Every structure is written in C-alpha cells, then in structure tokens.
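S.K.: Give me the fold of what follows.
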Amino acid sequence: MTDLITAGKLCKEEREKRGLSRKDIHNITKIPVDIIKRLEEDENYLRKDPYAYFLMKVLIDYYQLNIKLEKNHETDKRVESVRKVEDAEERQGFLVRLFKTVFVFLVGFIFFFISTSGKNKKESSITEFLHLISTPQPEDNWIEIKDGNSKNDIQKISLKANDYVWITAYIDGKEKVIKMKKGQKVKLFFKHKIKFETIGNAKNLVILFDNKKVDFEKKVVHNLYVDGDGVFYNGYNLAKEES
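M.R.: Model prediction:
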C-alpha cells in the first residue's frame with residue numbers, strides 16, 4: 001500500500017520520464033494545472049484536502065502505475081463532513097423555497113380580499129382565484145444544458161449521479177465541464193454528437209438514452225461518444241437492444 005505523498009512523487013517521476021508537462025496532463029485529465037502540482041509536491045494538501053485521494057487515483061489510472069493507495073480515514077471523514085454540509089444546505093434551500101411559497105400565497109390572499117373589500121363578487125371568481133393560487137408550480141429537478149440557438153432536430157440524453165461525478169464533454173464541438181453531486185440529474189441536448197472526453201467517478205453515473213440504461217464499472221472513462229444511434233465506447237454500442 002502506498003501513501004498519497006509517495007504516490008505523488010511517483011506520478012511526478014512518471015510524468016517527467018515521459019517528457020510531459022503539467023499542461024499536457026491537464027489537457028488529458030482536465031485536472032487543473034495547479035492541482036496537479038499540489039498532487040505531486042504539496043504534502044499539506046495531500047494530507048488535508050478531502051478529494052486528493054480521488055484525484056490521485058485519476059493520475060495513477062492515466063499513468064497505469066501499479067500502485068494501491070492507502071485509505072486515509074481522516075480524509076474519508078472530511079469528505080463525509082463536506083457531504084453533510086451540502087446536504088444541510090440543500091435542506092435549508094428547500095425550507096427557504098417553502099417559506100417563499102407560503103409568503104407569496106398569503107400576500108396574494110390578503111391582496112385579493114383587500115381588492116374585493118366592499119364589493120359583491122361572484123362565487124365563480126372566488127373559485128377561479130383559489131384554484132389559481134392553490135395549483136402548485138411543477139418543480140423540475142433536472143438541469144438542462146443545451147445550445148440556445150439550436151431549435152430543430154434536437155436529441156437528448158439524461159444523466160443521473162449516484163455520487164459525486166465530474167465530466168468534461170464536447171457537445172456538438174463545444175466544451176462543457178459538468179460537476180454533479182449525489183442525486184443530481186442533468187439533461188444534455190445535442191444535434192450531432194457528444195464526446196465525453198473524461199468521466200470521473202464514472203461508476204456512480206447512469207446514462208439514459210432512448211429508454212436504455214448505460215452504467216459503468218470503471219472509476220474513470222475516457223472517449224465515450226453519443227450520437228443518434230447510441231452510446232459508443234471502445235467501438236461497442238452500450239445502448240443497443242439486449243438480445
């Protein structure tokens with residue numbers, strides 16, 4: 001088992017042996033250059049950052065080094081702590097939205113009675129008003145990513161994250177960096193094709209295409225392609241009908 005500090009030095013040696021710059025590694029893995037430098041040299045970062053372990057795995061997988069990383073229980077606790085904070089923020093955001101909805105409802109109700117004070121309104125008007133303010137607005141928890149200029153012949157795929165996932169994709173040639181957290185859902189719209197250059201933590205991602213589910217066993221997936229015919233990886237259509 002290898003600790004993160006030793007693994008960082010080995011990754012740096014491997015990069016230099018191959019004659020690659022940190023910018024070259026960024027272009028392939030999409031890990032920022034300053035983070036690559038920290039993964040190689042910054043012991044304090046490697047000890048304290050909750051995502052250093054996972055990012056180091058990306059480098060090790062790319063270099064195909066025979067390294068097994070030690071589990072850092074302290075880091076695992078920090079990751080769990082970050083997730084708890086984000087979950088708390090989500091709950092807080094829900095309560096804020098609920099408060100706003102109730103507040104708008106009450107204001108509307110008060111305005112209605114003030115505006116109709118001293119007037120003889122028909123029952124049908126009251127019924128119509130109550131129906132309007134009591135009809136809940138649909139809450140769409142899908143995030144949509146599409147080119148605002150594209151209107152015709154649009155296709156889509158849906159992504160669902162079971163845990164943290166980050167993606168670098170080229171949608172009809174335009175680069176998109178997508179960071180998803182647990183439970184998040186994203187719809188991608190395209191005209192011609194999507195190239196997923198890198199999917200980090202891919203085994204926690206589910207792709208839905210044409211009512212077919214595609215998932216992965218690997219932690220990192222490179223060069224996945226989607227077009228009107230399917231989802232292609234290493235020459236195989238992962239979204240084809242099962243025989």
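S.K.: Residue 213 and residue 238 touch, don't they?
M.R.: No: with contact defined as CB atoms under 8 Å, residue 213 does not reach residue 238; the gap is 9.5 Å. Placement of C-beta: from N, CA and C, glycine included.
S.K.: More neighbours: which of the two?
M.R.: residue 238 (18 against 12; other CB atoms under 10 Å).
S.K.: Per-residue pLDDT of the more buried one, please?
M.R.: Residue 238 carries a pLDDT value of 89.
S.K.: likewise residue 190?
M.R.: Value for residue 190, per-residue pLDDT: 89.
S.K.: Please name the bridge partners of it.
M.R.: residue 155 (DSSP bridges).
S.K.: okay, now it: neighbour count?
M.R.: 24.
S.K.: quick one: which helix or strand includes residue 59?
M.R.: Residue 59 is located in helix 52-63, with elements delineated by DSSP states H and E.
S.K.: How about residue 217?
M.R.: If you go by DSSP H and E, residue 217 is not part of any helix or strand.
S.K.: So it is in contact with residue 203, correct?
M.R.: Yes: judged on CB under 8 Å, residue 217 makes contact with residue 203 at a distance of 5.9 Å.
S.K.: phi, psi of residue 164?
M.R.: phi -70, psi 130 (degrees, to the nearest 10).
S.K.: Pull the contacting residues for it.
M.R.: 179, 180, 181, 182, 201, 204 (CB atoms under 8 Å, 6 or more residues apart in numbering).
S.K.: Now tabulate those in CSV and tack on distance to residue 30, neighbour count and pLDDT.
M.R.: Below are the contacts of residue 164 laid out as CSV (distance: CB to CB, whole Å; neighbours: other CB atoms under 10 Å; pLDDT from 0 to 100):
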residue, distance to residue 30, neighbour count, pLDDT
179, 11, 11, 88
180, 14, 21, 89
181, 18, 15, 87
182, 21, 14, 88
201, 13, 22, 90
204, 17, 18, 93
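S.K.: and of these, the nearest to residue 191?
M.R.: Nearest to residue 191 among these, counting by CB to CB, is residue 180 at 23.0 Å.
S.K.: For the residue nearest to that closest one when sequence neighbours are not counted, give the beta-bridge partners.
M.R.: Setting aside the residues directly before and after it, residue 180 is nearest to residue 161 in space (CB to CB, 6 or more residues apart in numbering), at 3.9 Å. Note on residue 161: beta-bridge partners by DSSP bridges are residue 205.
S.K.: Could you check how many residues crowd around residue 161?
M.R.: Using other CB under 10 Å: residue 161 sits among 21 other residues.
S.K.: Please report the distance of it from residue 206.
M.R.: Using CB to CB, to the nearest Å, one obtains 8 Å as the distance from residue 161 to residue 206.
S.K.: Also residue 221?
M.R.: Counting by CB to CB - residue 221 and residue 206 are separated by 13 Å.
S.K.: Next up, the contacts around the most centrally placed residue in the chain.
M.R.: For the chain, the residue lying nearest the average C-alpha position, counting by CA atoms, centre = their mean, turns out to be residue 180 (1.6 Å). By CB under 8 Å, 6+ apart, residue 180 lies in contact with 159, 161, 164, 165, 166, 167, 186, 205.
S.K.: was I right about the last one contacting residue 213?
M.R.: It stands for residue 205. No: Residue 205 lies out of contact with residue 213 (CB under 8 Å); the separation is 11.0 Å.
S.K.: Now do the strands in this protein.
M.R.: 142-145, 155-161, 165-171, 174-180, 185-190, 194-200, 205-209, 212-215, 220-227, 230-233, 236-237 (DSSP state E).
S.K.: what's next to the shortest one, contact-wise?
M.R.: With contact meaning CB under 8 Å, 6+ apart, strand 236-237 is reached by 229, 230, 231.
S.K.: Residue 19: neighbour count?
M.R.: Count around residue 19 with other CB under 10 Å applied: 7.
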